[in-house]
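In: Kindly return the folded structure for what I paste below:
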Amino acid sequence: MDTDKAARKEGAAPAPSSARQANENDSGGVLRDLIDKKRKSDALSSPAAQAQRPATPPLTLGQQRTVEKARQDKYSPPKKSNHEGKLIIADDGDIIAKMEADGFGEHVGSRSQAEVILRQMYGRGFLEGDDNRDRRVEELKKMVNPSETCIHERAIRFVRLEGDILKGDRDATSSDVPRQPWCSIAMAYGHEEGDYKTDEGCEGWNAFKDYGSKFIQRVQRAGSCFLHAPAVLQSYCLKGNAGLQVVDISKYARHSFSGEKVSKYIIEDKGGNAEQELRTMIDGERTSSVKFKMGLMDQTKNEYPNELFEQLKLYGPGLIHYFAIEENFKTASGFGSGGDVHLECFEGTFATTKEMQRHAMVLVGMRKVNGEWRLLLQNWWPNLQLVEVTPEYMASSGCFLVFVTKELWEIPCMFDRCDHEYAEAYIPGTDSTATYIYERD
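Out: This is a model prediction of the structure:
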């Protein structure tokens, strides 16, 4: 038996009655919660709180040389984790010594794309150690060799070389993906007015009007759903407590991935685990303080959709992980013949296969249509930014649903941010299955 799946079922959220009881008994507590949140937000941004944060140590001479060379050639200085798990700028002398020891001395000072790739990889500690030398050299040779077309292109994309400038996620407010129509749908979804209202007399919910999240859009031009989904969910859980905050996933991947993960990512063209990335984005170097609640996904239970709705109201939006993509979903578009934007709805069930691509999204709303529940998922594809599915369809995809129960206030300072309402990233990779058991309340 799959122990992960067993743990998920055991960790399902409380029954709807308990969630409703808590809401009914705490009607007077809503104002208190809002006041407490305001006080915490003010405290975090106060001069006293800022002064208590540890000062950044001065750069060493070797780190200064790394920064200077990066500035000259217009790329971001490579960083690696120190013994405390904090990201620090790599030492230029160490980078050069490692490049020369592995036979890449000819690239030192060449100011080429190959040198930037090598500096980034050695600076971040890619597959360090003598035991990994042969494998490290073989893989780096492929990354800097234009003849290795796919690997070389993924390496360039990973370090974000665009016109010889190392960049992160880019603001794309003038992109071909419209913003206002999708935003209008998201904000009005599940309420009593508009094209996507809930049934008369029935309750609906969306993360933006009912939970307080600030709607943002992210577009994946090449994979990266397993990074987009946790970054967006984290931002939604913050609810604008300290302004709009979103992890820059391009810089996050470049600086925070382990050597093994980078190897799988670039050499093998494999993605990652959205659940694990969510934990890392929330906690940074810490690994014990995040509490997750697994969403109920058992379509054999008659109360499954109702309990799922109670979970949304109790915990807020959730991470959809390991969602199998069938052909109709893959080819769907939210654009009509006249260019209008609408929600595609997927119903029924389908059989999953091992060959199916897996996907990560965010559950941001629910409503009832003719007495039946529908779920609103936020996606990252240019032509399908939002999509509706029935509970049966979502459950048949084999996906997992994760709620964050820890209240969030800010993104860990070790991560760079891309705080644009609409941004794009060109990182490859698909979502992979879960690999650990969740902590539960």
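In: any idea how far residue 261 is from the nearest residue to residue 139 once chain neighbours are set aside?
Out: Counting by CB to CB, 6 or more residues apart in numbering, residue 267 is the residue found nearest to residue 139 once chain neighbours are left out, at 5.4 Å. Where you see a C-beta, it was placed from the backbone N, CA and C, and this is true even at glycine. Distance, residue 267 to residue 261, using CB to CB, to the nearest Å: 11 Å.
In: in the stretch 201-350 of the chain, which ranges drop under the pLDDT threshold?
Out: Filtered on pLDDT under 70, the stretch 201-350 of the chain yields the residue ranges 221-223, 241-242, 285-302, 337-338.
In: can you give me the strands for it?
Out: For the stretch 201-350 of the chain, strands defined by DSSP state E, counting those that start in this stretch occupy the ranges 205-206, 217-220, 292-294, 318-324, 345-346.
In: can you tell which of those is closest to residue 112?
Out: With CB to CB as the measure, strand 217-220 is the member of the strands of the stretch 201-350 of the chain nearest residue 112 (28.7 Å).
In: what lines up beside the closest one in the sheet?
Out: Using DSSP bridges, strand 217-220 pairs in its sheet with strand 422-425 (parallel).
In: Helices along the stretch 101-250 of the chain, start to end?
Out: For the stretch 101-250 of the chain, applying DSSP state H, counting those that start in this stretch gives helices covering 113-123, 133-144, 149-159, 180-188, 225-238, 249-256.
In: Mean neighbour count, those helices: which tops it?
Out: helix 225-238 (a mean of 27; mean count of other CB atoms under 10 Å).
In: for stretch 312-320, which positions count as buried?
Out: When burial is assessed from 16 or more other CB atoms under 10 Å, stretch 312-320 yields the following buried residues: 312-320.
In: Also stretch 363-376?
Out: Neighbour-count burial for stretch 363-376 [16+ other CB under 10 Å]: 363-369, 373-376.
In: Quote the end-to-end distance of it.
Out: From its first residue to its last, stretch 363-376 covers 6 Å (CA to CA, to the nearest Å).
In: quick one: residue 115 and residue 106 touch, right?
Out: No: at 9.6 Å, residue 115 and residue 106 do not qualify as touching, with contact defined as CB atoms under 8 Å.
In: Give the residue farthest from the middle of this structure.
Out: residue 106 (37.8 Å; CA atoms, centre = their mean).
In: What pLDDT is listed against that residue?
Out: As predicted, residue 106 sits at a pLDDT of 96.
In: Can you tell me how far it is from residue 90?
Out: Taken as CB to CB, the span from residue 106 to residue 90 is 20 Å.
In: swap in residue 139?
Out: Taking CB to CB, one finds residue 139 at 19 Å from residue 90.
In: re earlier: of all the strands of the stretch 201-350 of the chain, which lies closest to residue 60?
Out: strand 217-220 (36.3 Å).
In: roughly how far is the closest one from the heart of the chain?
Out: With CA atoms, centre = their mean, to the nearest Å as the basis, strand 217-220 stands 11 Å off its chain's centre.
In: Output it in CSV with nothing but the alpha carbons.
Out: Output of strand 217-220 as CSV, limited to C-alpha atoms (Å, rounded to 0.1, in the frame of the first residue of the first chain):
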residue,chain,number,x,y,z
GLN,A,217,-1.2,35.9,-13.2
ARG,A,218,1.7,33.7,-14.1
VAL,A,219,2.4,32.2,-17.5
GLN,A,220,4.6,29.2,-18.2
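In: And the strands in the stretch 51-200 of the chain?
Out: Counting by DSSP E, counting those that start in this stretch, the stretch 51-200 of the chain has strands at residues 79-81, 87-89, 161-162, 165-166, 170-171.
In: Where among the ones you listed is average confidence lowest?
Out: strand 165-166 (a mean of 47).
In: what's near enough to touch the residue lying closest to residue 415 once chain neighbours are set aside?
Out: Spatial nearest neighbour of residue 415, chain neighbours left out: residue 247 (5.2 Å); criterion: CB to CB, 6+ apart. Listed by CB atoms under 8 Å, 6 or more residues apart in numbering, the contact partners of residue 247 are 231, 234-235, 281, 411, 415-418.
In: Need the distance between the two termini of stretch 194-205.
Out: 14 Å.
In: Likewise for stretch 211-219?
Out: The first and final residues of stretch 211-219 sit 23 Å from each other (CA to CA).
In: Repeat that for stretch 393-406.
Out: Stretch 393-406 has an end-to-end distance of 29 Å (CA to CA).
In: Contacts for stretch 138-146 next, please.
Out: Around stretch 138-146, the neighbours that count as contacts under CB under 8 Å, 6+ apart are 102, 104, 107, 113-114, 117-118, 121, 126-127, 148, 151-152, 155, 263, 266-267.
In: Repeat the analysis, applying 6 Å as the threshold.
Out: Applying CB atoms under 6 Å, 6 or more residues apart in numbering, the set of residues contacting stretch 138-146 from outside is 114, 117, 148, 151-152, 155, 267.
In: could you dump those residues to a markdown table with distance to residue 169?
Out: Output for the contacts of stretch 138-146, formatted as a markdown table (distance: CB to CB, whole Å):
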| residue | distance to residue 169 |
| --- | --- |
| 114 | 24 |
| 117 | 20 |
| 148 | 26 |
| 151 | 23 |
| 152 | 22 |
| 155 | 18 |
| 267 | 23 |
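In: Can you spell out the domain ranges of the chain, please?
Out: In terms of domains, the chain is parsed into 3-39+170-425, 61-166 (source: automatic domain parsing).
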